[in-house]
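Asks: could you look at this predicted model? Sequence included:
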Amino acid sequence: MDTKTRIGIIGGNGWIGGAVARAVVGAQLLPPGNLTLSCRSAPPGWLPDAHWTHDNQALIDRSDVVILSVRPQDWPAIRVSAPGRLVISVMAGVTIADIASRLGTPRVVRGLPNAAAEVGKSFTPWTASAQATDEDRATVRQLLDSFGSEDEVATEAEIDYMTGLSGTGPAYPALLAAAMMRDAMAHGLPPEVARRAVVALLVGTGRLFEKNDEDPEKTMAAFLEYRGVTAAAIEAMQASGFETAVSAGLAAALRKSLDLGAAAD
Ligand SMILES: NC(=O)c1ccc[n+]([C@@H]2O[C@H](COP(=O)([O-])OP(=O)(O)OC[C@H]3O[C@@H](n4cnc5c(N)ncnc54)[C@H](OP(=O)(O)O)[C@@H]3O)[C@@H](O)[C@H]2O)c1
């Protein structure tokens, strides 16, 4: 992608759309003037040098690459055409075929970022239509790398599954952390100390995994072999159905992501 590329983000003031716009400018991939961002409400004050619009067709007309970042339920109301454009959707559930036929371009990519895009730490799996070129793929990688890491996957089924896995971002670690915090408070710990403890635990875990490029299975095995306090806890959690609960949650997430796409058809 050269610095003359123009990018339009439909839904540019949203959680993900805004994070992508900030990342692209922050990584100096493009100057803000090459960005066009749309929203329905009044244009916000941030990124004043970008072009803000309510007109999605005007956004497409002045862009080479279009990022679709509205909620799936708002997708049916987007009535625009984007011939000759590379379109990258981050919408959960909405299929490449639907986007290609509605926007009139065969070059469509589906990526699924997560909320950590805001701090440059999203993991974004993506897949591309058969007509996407090698240059398109390079553009996608550059864009997604500006707010974290990415992997191309072979099928849309994998994207639907990953919507409930990595797309949920901090949600499941937060679920575990909140349960631990409640347990700590039930044992008399002051809430602020419990909160600091679990947040430090999450941050420390992330840093250790990054530093050692560690496989979680190996981490678990090391603690189990140690036969200490942690092994006792892991075994009790597993005996109480921890893994069954995780699988049930991920199955519910997959069903919901498929339902969102079907409802937006
Ligand atoms: N949030 C996540 O963690 C996450 C993770 C993975 C994937 N996603 C996907 O990312 C997409 C965006 O999610 P989000 O969390 O960023 O949602 P969001 O914060 O609600 O942002 C969506 C934005 O779309 C704008 N919008 C809606 N209809 C529009 C239209 N017709 N023209 C222009 N702008 C329009 C809204 O603008 P107004 O505010 O002006 O109405 C809003 O700012 C969703 O499809 C979601 O499935 C989200």
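Replies: It's in. Numbering: from 1, shown residues only.
Asks: report the contact partners of the closest residue to the ligand within the stretch 1-150 of the chain.
Replies: In the stretch 1-150 of the chain, the residue that lies nearest the ligand is residue 14 (2.0 Å; Cβ to the nearest ligand atom). (Each C-beta comes from the backbone N, C-alpha and C, glycine too.) The contact partners of residue 14, by Cβ atoms under 8 Å, 6 or more residues apart in numbering, come to 39, 69, 70, 71.
Asks: hang on, residue 110 in a strand?
Replies: Yes. Checked against DSSP: H, G, I helix; E, B strand; the rest coil, residue 110 lies within a strand.
Asks: heads up, I number from 365, so please use that
Replies: From this message on, residue numbering opens at 365, which makes the last subject residue 474.
Asks: neighbours around it, how many?
Replies: By other Cβ atoms under 10 Å, the residues close to residue 474 number 26.
Asks: could you do residue 621 as well?
Replies: Residue 621 has 21 nearby residues by other Cβ under 10 Å.
Asks: may I ask you to confirm that residue 478 is in contact with residue 528?
Replies: No. With contacts counted by Cβ atoms under 8 Å, residue 478 stays clear of residue 528, the gap being 11.0 Å.
Asks: which residue does the stretch 515-629 of the chain bring closest to the ligand?
Replies: residue 531 (4.3 Å).
Asks: shouldn't that residue be within a helix?
Replies: No. Using three-state DSSP, the assignment for residue 531 is coil, not a helix.
Asks: ok, the residue nearest to it when sequence neighbours are not counted - contacts?
Replies: Distances taken as Cβ to Cβ, 6 or more residues apart in numbering place residue 476 nearest to residue 531, at 4.6 Å, with adjacent residues excluded. Neighbour list for residue 476: 454, 456, 488, 489, 490, 523, 526, 527, 530, 531 [criterion: Cβ under 8 Å, 6+ apart].
Asks: so of the residues you listed, which ones are in strands?
Replies: Members of these lying in strands (criterion: DSSP state E): 488, 489, 490.
Asks: per-residue pLDDT, the second one?
Replies: The pLDDT attached to residue 489 in the predicted structure is 98.
Asks: dump the contacts of residue 476 into CSV; add distance to residue 572 and neighbour count as well.
Replies: Putting those into CSV (distance: Cβ to Cβ, whole Å; neighbours: other Cβ atoms under 10 Å) gives the following:
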residue, distance to residue 572, neighbour count
454, 29, 27
456, 30, 22
488, 23, 25
489, 23, 21
490, 27, 24
523, 29, 23
526, 24, 24
527, 27, 24
530, 19, 18
531, 24, 24
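Asks: residue 365 against residue 504, yeah?
Replies: No. Counting by Cβ under 8 Å, residue 365 stays clear of residue 504, with 9.3 Å between them.
Asks: which pLDDT value goes with residue 480?
Replies: If you check residue 480, the pLDDT there is 96.
Asks: how about residue 610?
Replies: 97.
Asks: and it, how many neighbours?
Replies: 12.
Asks: now do it against residue 549, distance only.
Replies: 24 Å (Cβ to Cβ, to the nearest Å).
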